[in-house]
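Trainee: Show me the folded form of this:
(chains A, B and C)
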Amino acid sequence: MDELNNVQAEPEVVDTEVPLDKNVRLMSPTRMVVRRFFRSKLSILGLIMVISLFLFSFVGPLIYTEWGEIELDESGKTEYAISETTYTVGGQEYTVRQTTEKYLKDNFLAPASAEHLLGTDNEGYDIFVRLMYGGRISLTVSFIAVFLITILGVILGGIAGYFGGWIDNLIMRVCDVLMCLPGVPILLIISTILDASDIDAKYRIYLLMIYLTFISWTGTARLVRGQILSLREQEYMVAAEAMGYSTSRKIFKHLIPNVMPQLIVQMSLSLGSMILYEATLSYLNLGVKAPYAAWGSMINIISTNQDILQNHLNVWVPAGVCIVIAVLGFNFVGDGLRDALDPKARR
Amino acid sequence: MADTKENVTPVYDDAALAAEYQAKRQAQIEEDFKEPFDPECILEVRHLRKCFPIKKTITGKVTRELVAVDDVSFKLKAGETLGIVGESGCGKTTTGRAILKLHQPTGGQIIFDGKDITNFDSKQMRDIRKEMQIIFQDPYSSLPPRDTVGGILSEPVEVHNIVPKDKVKDYVLELMDKCGLRDYYFERYPHEFSGGQRQRICIARALSVNPKLVICDEPVSALDVSIQAQIINLLKKLQREMNLAYVFISHDLSVVKFISDKILVMYLGAVMEFGSKEDIFKNPLHPYTKALFSAVPNPDPTAKTERIKLEGDIPSPANPPKGCRFHTRCPYAKEVCKHVTPEYKQYGEGHFAACHLLDEA
Amino acid sequence: MSIFKKEKGSRNYLTNKEIKEIAKANAREMKRLEAYKNRKAEESEFLSQMKNPENILEIEDLHTSFFTEQGVVKAVNGVSYDVPKNAVVGVVGESGCGKSVTSMSVMRLIQGPTGQIVDGSIRFKAYDYKRDEKGNPISDASGEYEMEEKVYDIAKMPIHEIHRIRGKQIAMIFQEPMTSLNPVFTIGEQLDEVTFIHTPGATKEMAKAKSEEMLRLVGIIPENVYGAFPHELSGGMRQRVMIAMALAAEPRLIIADEPTTALDVTIQAQILDLLQDIKNKIDGSILLITHDLGVIAEMADYVVVMYAGKVIEKGTVYEIFQDPKHPYTIGLQKSKPTMNLDDGTDLYNIPGNVPNPINMPNYCYFKERCAMCTKKCSGDYPGMVQVSPTHFVACHLYDEENTNG
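Mentor: So this is what the prediction gives:
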């Protein structure tokens, strides 16, 4: 086949590949992530759970306005109490029977009815409404905490990872120290201080969450630092260096966007744990105090009265269910996001 | 002289020899630094040295270091290609990055375009970066995954103000055309492309700032043979069109032979041989060069050439052998090779080598 | 510029509906093949006969597919080739051509459930124990096992029977010497284990003696290495240890999948010499998979050229390198810069890329990149044409030659 060997093709410098066909996706990486996320049934379920809780807590009270958060049901029924008093006057016994009218001002521990969808608690507050308000507190508090954790973690982790050297050492040792602190005992101490210093019951939970932020940013900082350390070694970062880009451009245009996926996963997973934290605090009566509602403090009612634990499930079970739904929902979303962002990690 | 060599085994005082060698080299370096810059050369590297710390005390004092590049010198003219070959751990990649000052050199001079850039700070470097670019081996990790091809290519043009803002897109499209990329790739993401196409994007990015020098760090090693040929041809075409100087780093001798004008053979951080392509391939002087050539498998089954076999492994660069670095594997090693570092000398017009055996002949 | 406007209704990616359909079809197919893979079977079901008794391995019309989210990737699409006794067969091709998948199919190492052998047969002449109906080895009174030569069809073997062959009759050497050894065990422990697994009733002393013998065979002084951990060895040494491990079970066939790609040239030369040497010593065959034409030319007796999941040309090493027939083989050889090549202006290059593996065309897969294609090439995929007793090529250019004589 001489003619075959003699074919001296034009020095071909133009890439003559067939145009990308329909199997080659014309999709941005973000869009691909969204697509993969919605392909998993569990993550859709998680998203539905989270969204419905949000609607329930934030939109719910606007629609269902029968009762307020700290509005007592004062439609208590009248009860009659018969009392007998025996006197002895000069050896003679007189018995006086007296019927007293007793007003029960509050309609407490009412069973579920059309008036109170889930009944009332031991004070006479409407449980359904308090669930909604409690959700507001729980969700807001956890979002704020996660937001603060992320900001603090990204800044400190980013600095440590990008600049390295002594500053990295310093930040990481601070992390180590913070991780050594026993969180709950300190929480108790702070709570006592707050009790003493007359802070509005509604806001003390936020102060506690700030404390929680202060001790839990270390995880995020470590994650960001690790990511940045590995990204820095990627050749496209060396290429950016060789291009002569400024430091801020390298950090904000090239590093941070690539840390975002892991960060989003971390955020959605820690939302779940923050909700649990908040519930625990409220349950221990350290968080939101009466008369304001939080899911944790709604469960806490059982500690006051054994009878409620056994006979009035409608008082405390709904709050527990809400906590479970919230935590599960955030974890499903987080797992779904992780799989969508890194499809290889699943196998 | 010959008699004593044969009859008496010379006693070598390693410490004294090392000191003598150091002093001699230091004098040589100082002398060379005084020489004026060659105006014809786009890049001149003089006695480049790069060490990495291995062990540090708590106070940050380096107690042990790895000499990744030891005394590398060469000159490169515009439009020429220098090939650097060697096995893993020979310091070829470090040399490339030190030229770009991605690693700050420990010693030596780098003269780029008539300026001594060795001690430029990062701000001064930023202006000069657009003159010298790099293409990497791995086309997968060298492109940012979350940006479109258009974005990747426009960014350097905008940062360095190569063309007015409104002409950036046209400029980039023209560039893409030059590198054999279709214009509708502009909106695509790197993950949609194969290795060869990604390497084209990398080349386009490097050329977007109109550099004078491009360091190609194993640009075709990760590609298939047929794609390799496409990329090599593209690099050659662009060199002709833009009068680029290349420093082409590769472990593949046949590729280096194809693209280079001058070749630098490195082993464990040091230069073994340097010369024009003809010198190196037709008349290799150093036994390492010879062995390296004969180790390349020949795709002609009838030509079973006699190999110069190299025994053993490449020593660790953290602890290179004394004397000539190559003596542990050299089939012709003599006693003197184990103790005395051979001098890097000229053996012909522009042909340098470092070997004791050449002096005897 | 019109090209940047997104055309309405243009579908550049699969719709969700299509993805669902693909997933459904894949799930059905994967379930069927998994069940076939895990079935219980009598030995007679996977016993077979060699077409040519001189061969040790015959791959015939092998199809291995990967069921991905975007569709079925036919990674190996009707591959047939033989490995004769005491021969080195080199399989060459670019990445994604299916050369590794073929060898993984022979070892049955394809990762299920997405990867499956769909069709075809892999006949291997094994030297195995005589077995009773339950598949247990028959031993005589003195505890000696009887051996016999029998031909297994590996593609039809249930996966739990594969231990009869894997590692013992066919051994594999991988590309990455850095990751193929377990870092927490010493070299000696890992070598001994091979003997324990494949030799019933082996004692510690026997295993150690065997391991040391193997290390000596690959040119390592056992005293230095037997007690060492993998990280203490260099890449070349580790590859030698990998070869020793492969040899420890006395396999009849060694599959070397890019054994030298991760090594430096001078070390590569050492390992190639070693492989050549060992082949003569152990009286076995080597299936060498590589993308490097030079390695193939130095090592192989027979060469198989693969492209896009198909064999496009096969023959002896002289035929392939001195009289290549297929335009792809010719292009591949011309596009590689060689040491002998004197200054040409540019390298020959094969334009374009390998076609998308999901929607393969009906016509010759190489047509779009081929400088020689004729009208005929738009027709069916070309069949194998015999151009000499040992030389076969799949190209329409040679159809005529065949019919004429």
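Trainee: mind checking the SS state of the one residue in the stretch 251-400 of chain C that gets nearest to chain A?
Mentor: Per Cβ to the nearest Cβ, C:D346 is where the stretch 251-400 of chain C lies closest to chain A, at 3.9 Å. Glycine gets a C-beta too; all of them are placed from N, C-alpha and C. Under the three-state scheme (DSSP: H, G, I helix; E, B strand; the rest coil), C:D346 adopts coil.
Trainee: How many neighbouring residues does it have?
Mentor: Using other Cβ atoms under 10 Å in any protein chain shown as the criterion, C:D346 is surrounded by 18 other residues.
Trainee: What of the one 10 residues further on?
Mentor: Under the neighbour criterion other Cβ under 10 Å, C:N356 is assigned a count of 19.
Trainee: Check it and give its pLDDT.
Mentor: Here the pLDDT value assigned to C:N356 is 73.
Trainee: ok, so what distance separates the residue in the stretch 51-200 of chain A that chain C sits nearest to from A:I251?
Mentor: Going by Cβ to the nearest Cβ, chain C is nearest to A:I51 of the stretch 51-200 of chain A, at 20.7 Å. Distance of A:I51 to A:I251, computed by Cβ to Cβ, to the nearest Å: 34 Å.
Trainee: Which of the helices and strands in chain B ranks last by mean pLDDT?
Mentor: For chain B, scoring each helix and strand by mean pLDDT, DSSP states H and E identifies helix B:2-7 as the least confident one, at a mean of 48.
Trainee: Which other helices and strands does the helix or strand just after that one contact?
Mentor: The helix or strand immediately downstream of helix B:2-7 is helix B:14-34, counting by DSSP states H and E. In terms of contacts (3 or more Cβ pairs under 8 Å, 6 or more residues apart in numbering or on different chains; DSSP states H and E), helix B:14-34 is packed against strand B:41-56, strand B:107-112.
Trainee: Was I right to think A:T99 contacts A:E84?
Mentor: No. A:T99 is beyond contact range of A:E84, at 10.4 Å (criterion: Cβ atoms under 8 Å).
Trainee: Excluding chain neighbours, give the residue nearest to the residue nearest to the spatial centre of chain A in space.
Mentor: Chain A has A:L271 as the residue nearest its centroid, 3.4 Å off, counting by Cα atoms, centre = their mean. Leaving aside its sequence neighbours, A:L271 sits nearest to A:F330 (Cβ to Cβ, 6 or more residues apart in numbering or on different chains; 4.4 Å).
Trainee: Secondary structure element for the one you found, which one?
Mentor: Here A:F330 is assigned to helix A:313-341, by DSSP H and E.
Trainee: Quick check: buried residues in that helix?
Mentor: A:314-316, A:318-319, A:322-323, A:325-341 (16 or more other Cβ atoms under 10 Å in any protein chain shown).
Trainee: Tell me how far B:G151 lies from A:L284.
Mentor: 51 Å.
Trainee: swap that for A:V33, sorry
Mentor: Counting by Cβ to Cβ, the gap from A:V33 to A:L284 is 39 Å.
Trainee: Which of the two has more residues huddled nearby?
Mentor: A:V33 (19 against 16).
Trainee: what's the nearest residue to A:Y94 once chain neighbours are set aside in contact with, if anything?
Mentor: In space, and not counting its chain neighbours, A:Y94 is closest to A:Y87: 4.7 Å by Cβ to Cβ, 6+ apart. Neighbour list for A:Y87: A:E93, A:Y94, A:T95, A:V96 [criterion: Cβ atoms under 8 Å, 6 or more residues apart in numbering or on different chains].
Trainee: what helices or strands is whichever strand or helix holds the third one leaning on?
Mentor: Secondary structure from DSSP H and E places A:T95 in strand A:92-103. Judged by 3+ Cβ pairs under 8 Å, 6+ apart, strand A:92-103 is in contact with strand A:78-89.
Trainee: count of neighbours near whichever residue of chain A sits closest to chain B?
Mentor: Residue nearest to chain B within chain A: A:G244 (3.0 Å; Cβ to the nearest Cβ). Applying other Cβ under 10 Å, we find 22 residues neighbouring A:G244.
Trainee: ok, now B:G107?
Mentor: By the criterion of other Cβ under 10 Å, B:G107 has 15 neighbours.
Trainee: Identify the bridge partners of it.
Mentor: On the basis of DSSP bridges, B:G107 is bridged to B:R49.
Trainee: end to end, how far does stretch C:152-171 reach?
Mentor: End-to-end distance for stretch C:152-171, by Cα to Cα, to the nearest Å: 16 Å.
Trainee: Would you mind listing the buried residues in that stretch?
Mentor: Going by neighbour count (16+ other Cβ under 10 Å), the buried part of stretch C:152-171 is C:152-157, C:161-162, C:164-171.
Trainee: What is the most widely separated pair among those?
Mentor: Across these, no pair lies farther apart than C:K156 and C:A171, at 21.5 Å, counting by Cβ to Cβ.
Trainee: Tell me which residues of stretch A:196-211 come out buried.
Mentor: For stretch A:196-211, burial by neighbour count (16+ other Cβ under 10 Å) applies to A:R204, A:I205, A:Y206, A:L208, A:M209, A:Y211.
Trainee: for these, which one is nearest B:Y288?
Mentor: Out of those, the member with the shortest distance to B:Y288 (by Cβ to Cβ) is A:Y211, at 65.3 Å.
Trainee: contacting residues for the closest residue to that closest one other than its chain neighbours?
Mentor: In space, A:Y211 comes closest to A:I190 once its chain neighbours are excluded; the distance is 5.7 Å by Cβ to Cβ, 6+ apart. Counting by Cβ under 8 Å, 6+ apart, A:I190 touches A:L207, A:L208, A:Y211.
Trainee: tally of neighbours for C:L274?
Mentor: If we define neighbours as other Cβ under 10 Å, then C:L274 has 18 of them.
Trainee: then the helix or strand where it lies to CSV, C-alphas only?
Mentor: Element membership for C:L274 (DSSP H and E) is helix C:265-282. C-alpha atoms of helix C:265-282 as CSV (Å, rounded to 0.1, in the frame of the first residue of the first chain):
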residue,chain,number,x,y,z
VAL,C,265,12.7,4.9,30.7
THR,C,266,15.8,3.3,32.2
ILE,C,267,13.7,1.4,34.7
GLN,C,268,11.2,0.5,32.0
ALA,C,269,14.0,-1.1,30.1
GLN,C,270,14.9,-3.2,33.1
ILE,C,271,11.4,-4.4,33.6
LEU,C,272,10.9,-5.2,30.0
ASP,C,273,14.0,-7.3,30.0
LEU,C,274,12.8,-9.0,33.1
LEU,C,275,9.4,-9.9,31.6
GLN,C,276,11.1,-11.3,28.5
ASP,C,277,13.4,-13.3,30.7
ILE,C,278,10.6,-14.6,32.9
LYS,C,279,8.4,-15.7,30.0
ASN,C,280,11.2,-18.0,28.9
LYS,C,281,11.7,-19.3,32.5
ILE,C,282,8.1,-20.1,33.5
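Trainee: Could you measure from the spatially closest residue to C:A75 that is not a sequence neighbour over to C:S95?
Mentor: The spatially closest residue to C:A75, leaving aside those adjacent along the chain, is C:V101, at 4.3 Å (Cβ to Cβ, 6+ apart). Distance of C:V101 to C:S95, computed by Cβ to Cβ: 11 Å.
Trainee: who's more crowded, those two?
Mentor: Counted by other Cβ under 10 Å, C:V101 and C:S95 do not tie: C:V101 has more neighbours, with 25 against 14.
Trainee: Now do the SS call for that one.
Mentor: helix.
Trainee: Flag every buried residue along stretch A:28-38.
Mentor: A:S28, A:P29, A:M32, A:V33, A:R35, A:R36, A:F37.
Trainee: okay but the fourth one is in contact with A:A340, surely?
Mentor: Yes. Between A:V33 and A:A340 there is a contact under Cβ under 8 Å: 4.7 Å.
Trainee: Note down every partner strand of whatever helix or strand C:K150 lives in and its orientation.
Mentor: Assigned by DSSP H and E, C:K150 belongs to strand C:147-153. Note on strand C:147-153: by DSSP bridges, its sheet partners are strand C:47-48 (antiparallel), strand C:115-129 (antiparallel).
Trainee: And the contacts of that strand?
Mentor: By Cβ under 8 Å, 6+ apart, strand C:147-153 touches C:46-50, C:121-130, C:164-165.
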